[in-house]
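# Would you be able to build a 3D model of this:
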Amino acid sequence: MNIAIVGASGAVGQEFLRVLAEQNFPIDELRLFGSKRSAGRTYSFRGRDYVVRELTHNADDFRGIDIAFTSAGAGTSKEYADTITAHGALMIDNSSAFRMNPDVPLVVPEVNGQDAFNTPRHIIANPNCTTIQMVVALKPINDISPIRRVHVATYQAASGAGASAMAELEEQYRQINRGEDPVVEKFAYQLAYNIIPHIDVFQDNGYTKEEMKMYFETKKIMHAPDLDVSATCVRVPVMRAHSEAIWVETEEPVTLDRARSAFSEAAGVVLVDNPAEKQYPMPLFVAGKDPVYVGRLRADLANPRGLSFWVVGDQIKKGAALNAVQIAQYILEHRDH
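Next comes the predicted model:
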């Protein structure tokens, strides 16, 4: 396979290189692209050095490319999509640019992998990180009995706002401990010793854009236009890995034993659920890991057809680069079927 990475110098671009290596993805040729500022940087991959090229509107730069992983922001993806796909390359895009376009599939391989073969524009969109880990956990329950309603509260790590946000959080703790006023630039308020119920911009309905992404994307991925989804997204002073408290209502009651069995057997899910031994998923142990971890499984006391559970996933891996690479792996494994 001939692979391109657009946005190679960014956090997710670098994660693409790590994940492709970890997954032993078959690569014959690798091309790295970035902004004018990034052009000329050198990165090592499998013992070879690769120089970042400047991304331009020269479609020949992508001639012969089979799959282009793009993570350079929605504006760049929209501007260069036609250039990238001009000679038949499949663009797997990590930005929000095309997620809700009806002619672009929004794919999580464990949930709707077959959608990856319906690509009239040669583009597949990678969903929002919070949506990805939630739908991976919803799928095994939905397979037992269709889910009618989802409530979710997210606890999102600082790294979801980028490397500079992580650095700001660390520096805020140092500043406060020195008795100084913390510098606030990346978030609406100080994140150290605080949580902020505000991720992305507020919409007219009182929800944030992040919360509405979860609403719309979940319906699309699960092919469930009538599914009710309500989210509250909160930034917490954690470095890496997002957590979610999820309540679902199914058409028919699902027993805890059936739910536990389904989670245990589900692709991409690890069940860590032994409260008596204080075993449950936490960012402390999930950061850097590939799967989505599920725990605190219990019947919803407020709903006879309800279940409640806790989900933790590394939003840089499964929430971004890993899911995109898994889409490519799914296509390779199933394209001749």
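# Now do the contacts for R63.
H87 (CB atoms under 8 Å, 6 or more residues apart in numbering). The C-beta positions use only the backbone N, C-alpha and C, and glycine is treated the same way.
# quick one, strands of this protein?
2-6, 29-34, 42-45, 48-51, 53-54, 67-70, 90-93, 123-125, 147-156, 228-235, 242-250, 269-271, 292-299, 306-313 (DSSP state E).
# V184 is nearest to which of those?
strand 228-235 (12.3 Å; CB to CB).
# circling back: format the strands of the chain as CSV; extra columns: distance to V136 and mean pLDDT.
Shown next, in CSV, are these (distance: least, CB to CB, whole Å; pLDDT from 0 to 100):
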stretch, distance to V136, mean pLDDT
strand 2-6, 24, 98
strand 29-34, 28, 97
strand 42-45, 28, 96
strand 48-51, 32, 97
strand 53-54, 34, 97
strand 67-70, 20, 98
strand 90-93, 17, 98
strand 123-125, 16, 98
strand 147-156, 13, 98
strand 228-235, 15, 98
strand 242-250, 11, 98
strand 269-271, 6, 98
strand 292-299, 4, 98
strand 306-313, 8, 98
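# Export those as CSV, with columns for mean neighbour count and distance to K220.
Output for the strands of the chain, formatted as CSV (neighbours: other CB atoms under 10 Å; distance: least, CB to CB, whole Å):
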stretch, mean neighbour count, distance to K220
strand 2-6, 24, 24
strand 29-34, 20, 28
strand 42-45, 13, 33
strand 48-51, 11, 35
strand 53-54, 16, 33
strand 67-70, 26, 19
strand 90-93, 24, 15
strand 123-125, 24, 9
strand 147-156, 20, 14
strand 228-235, 20, 11
strand 242-250, 22, 18
strand 269-271, 20, 21
strand 292-299, 20, 19
strand 306-313, 24, 19
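# Columns distance to L322 on top of these, output as TSV?
Formatted as TSV, those follow (distance: least, CB to CB, whole Å):
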stretch	distance to L322
strand 2-6	14
strand 29-34	18
strand 42-45	17
strand 48-51	21
strand 53-54	25
strand 67-70	11
strand 90-93	12
strand 123-125	15
strand 147-156	17
strand 228-235	21
strand 242-250	14
strand 269-271	14
strand 292-299	10
strand 306-313	10
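# Nearest to I195, out of the ones you listed?
Comparing those under CB to CB, the one sitting nearest is strand 228-235, at 5.5 Å.
# Out of the strands of the chain, which gets nearest to Y193?
strand 228-235 (13.0 Å).
# Pull the distance from the closest one to the chain's centre.
The chain centroid and the centroid of strand 228-235 are separated by 15 Å, computed with CA atoms, centre = their mean, to the nearest Å.
# again with stretch 244-259
With CA atoms, centre = their mean, you get 23 Å for stretch 244-259.
# what residues does the helix or strand bottoming out on mean pLDDT in the chain touch?
Least confident helix or strand, the chain: helix 11-22 with a mean of 92, by mean pLDDT, DSSP states H and E. The contact list for helix 11-22 (CB under 8 Å, 6+ apart) reads 3, 5-8, 25, 27, 32, 34, 43, 45-46, 69, 71-72, 94, 159, 162-163, 316-317, 320-322, 324-325.
# Next: stretch 277-286.
157, 238-243, 270, 272-274, 293-296, 310-314.
# quick one: the closest residue to G295 other than its chain neighbours from L297, how far?
Spatially, and ignoring its direct neighbours in sequence, G295 is nearest to Y280 (3.9 Å; CB to CB, 6 or more residues apart in numbering). According to CB to CB, to the nearest Å, Y280 and L297 sit 10 Å apart.
# Same question for A192.
Counting by CB to CB, the gap from A192 to L297 is 32 Å.
# again, but for R31
Taken as CB to CB, the span from R31 to L297 is 45 Å.
# Likewise for D290?
Applying CB to CB to D290 and L297 gives a distance of 21 Å.
# Kindly report the same for R174.
39 Å.
# same thing with D93?
Taking CB to CB, one finds D93 at 34 Å from L297.
# Domain map for the chain?
As given by automatic domain parsing, the domain ranges for the chain are 2-126+320-334, 131-315.
# How far away from the center of its chain is the last one?
Centroid displacement of domain 131-315 relative to its chain, using CA atoms, centre = their mean, is 11 Å.
# distance between the ends of that domain?
Terminal residues of domain 131-315 lie 10 Å apart, using CA to CA, to the nearest Å.
# cool, stretch 101-108 as well?
End-to-end distance (CA to CA), stretch 101-108: 16 Å.
# follow-up on the earlier one: okay, and the common contacts of Y280 and L297?
What both Y280 and L297 touch, as defined by CB under 8 Å, 6+ apart, is the set D273.
# And the helices in the stretch 201-337 of the chain?
209-221, 256-265, 283-286, 322-334 (DSSP state H, counting those that start in this stretch).
# For those helices, give me a markdown table that also has mean neighbour count and mean pLDDT.
Conversion of those to a markdown table gives the following (neighbours: other CB atoms under 10 Å; pLDDT from 0 to 100):
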| stretch | mean neighbour count | mean pLDDT |
| --- | --- | --- |
| helix 209-221 | 21 | 98 |
| helix 256-265 | 15 | 98 |
| helix 283-286 | 17 | 96 |
| helix 322-334 | 20 | 96 |
